[in-house]
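# I need the structure of the sequence given here:
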Amino acid sequence: MIEDKERWNKRFVEFPMPDEVSKIVEKHISKANVGQAIDIACGTGRNTHFLVDKGFMVDAVDISDYALSRVKKSATINKIDADLDKYNMAPNKYDLIVNINYLNRRLVSQMKDALKAGGVVIFETFILAHGDYKHETMNLDYLLRKNELLHSFIGLDIIYYEERDDVNLRGEKIRIASLVAKK
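Residues are numbered from 1 along each chain as shown. So this is what the prediction gives:
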């Protein structure tokens, strides 16, 4: 865990993340009941801050204590410094789960259980692609396969799903999967 924490701290210092809310979160936030939310791998809080502004109480979880130090102090934000390889979500707790640019397959089944009835998950991350595509990681464990995200949330009502080409912060071509689903 210490190596991961140091690696992510260094990354957040060297490659600052944007402050703007993720487009998929902004577009689909209205599908969720305002209440308890979790922002998984929240980074410096761009989505956390947006959720709080919309009235949510947010659990902001990340392994980087540097990134969490950039998340605003607020009575409506519970900062959780945790290794997501070991972190567990409580069942039936969240009205909204946000997971952007992060993949931990172990957490997917927990996400479905952690949603309250009527709860919404907004999930977007990278897909393995070949050719001119670039990836943040060479570790294939952190890249989705084609249609994997869709299949992972079978049993929920799928509101929106898309796999598309996009461009990362460095202007490199990438492939993204996006999902919005309701329990």
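
# contacts for stretch 152-171?
Stretch 152-171 is contacted by residues 15, 17-18, 28, 31, 105, 108, 112, 115, 120-121, 123, 127, 134, 136, 146-147, 149-150, 173-183 when judged by CB atoms under 8 Å, 6 or more residues apart in numbering. (C-beta placed from N, C-alpha, C; glycine too.)

# which residue ranges form the strands in this protein?
Applying DSSP state E to the chain gives strands spanning 36-40, 57-62, 77-81, 94-100, 115-126, 157-167, 173-182.

# Output these as a markdown table; include the columns mean pLDDT.
Output for these, formatted as a markdown table (pLDDT from 0 to 100):
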| stretch | mean pLDDT |
| --- | --- |
| strand 36-40 | 98 |
| strand 57-62 | 97 |
| strand 77-81 | 96 |
| strand 94-100 | 98 |
| strand 115-126 | 97 |
| strand 157-167 | 95 |
| strand 173-182 | 94 |
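
# Could you state which residue of this protein sits nearest its centroid?
Nearest to the geometric centre of the chain sits N99, at 1.7 Å (CA atoms, centre = their mean).

# Spit out the contact partners of it.
Residues near N99 by CB under 8 Å, 6+ apart: 40-41, 107, 111, 121-125.

# Next, give phi and psi for Y102.
Main-chain dihedrals, Y102, degrees, to the nearest 10: phi -150, psi 140.

# ok, now which ones touch it?
Y102 makes contacts with 40-41, 84, 125, 142, as judged by CB under 8 Å, 6+ apart.

# who wins for neighbours among those?
The most crowded member of the contacts of Y102, judged by other CB atoms under 10 Å, is I40 (25 neighbours).
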